[in-house]
Structure formats: structure tokens, C-alpha cells
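after the sequence you'll find the predicted model.
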Amino acid sequence: RWTTFKPPAAGQSSRYRGLILHRRSQASSSAFIVTQDGVLVTRPIGNEILAGVTRQVIIDLARRKGLRVEKRAFAPDETLQAAEAFSTSASTFLLPVVSIDGTAIGSGGPGPISSDLRQAYAERALR
């Protein structure tokens, strides 16, 4: 099972973002990260995914907070079973992903790790 990129339908709120799940595990214009058992999982940089400044800052902040980061591919089923998921980009910083194709991710709301990292990112940006 996999999800392909689906742009928001006409008239749909901008809170919806396109997501590419299969081999790439990334959003349409941002990096995509999931958390499992307190570990951040994101694709390694390579031919299929571009490096992002915001992604790297979030990874650095997570490591400073003592969180482990794994850079590896992850399957769509793993994404749907994640405790949390979020995208990172220059325009949205860290945007929690609360559902995919109608399936709730974790509790169905922003989780503690993404909330903490978003706050840390905002504080760093204001320095």
C-alpha cells in the first residue's frame, strides 16, 4: 500500500499538503519525518530527496535534546503506525501531520516531540 502525491482539491484548505509515500517518503515541497519510540526517522539525503536547511536544523535540535535520529527509508505502513509525523520547510518550519488519507497519525493531533521541536526552532530563529 502506498500513497501518491495528491494536490489539494479546488477550494480545499491550504492546511492540506501533498505527500509522496512509497520509496521517497517526503512531502511535495518539504522533508518528512516520523517518530517511533522517541526516535526521529527520515530519509537520507540522496538522488531522491534534497537537503533542506530547516530539516537539518530540526535534526540538530533533536540530537541536542538527546533524541536519536535514524536516516533510512521507511514504508507507508510504518508511517501510518508512527507516534508522530511532521514536515519541515522554510515556509512552515515544522508542520505536524495529523492524518494521512483519513487515517490518524498517533493521537490524531500534534505530538509532544513535534511540539517541543517546533518551539525550539522558533526560539532559535528569534535569537
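Cool, the structure landed.

count of residues packed around Arg124?
11 (other Cβ atoms under 10 Å). For every residue, glycine as well, the C-beta is placed using N, CA and C.

would you agree it is in contact with Arg64?
No: using Cβ atoms under 8 Å, Arg124 makes no contact with Arg64, being 10.1 Å away.

what's the spacing between Ala90 and Ser30?
As judged by Cβ to Cβ, to the nearest Å, Ala90 and Ser30 stand 9 Å apart.

now do the strands in the chain.
Counting by DSSP state E, the chain has strands at residues 19-20, 26-27, 31-36, 39-42, 68-71, 84-89, 93-96, 99-100, 103-104.

buried sites along the longest helix seen in the chain?
When the chain is parsed with DSSP state H, its longest helix is helix 112-125. Residues of helix 112-125 classed as buried by neighbour count (16 or more other Cβ atoms under 10 Å): 113-114, 117-118, 120-121.
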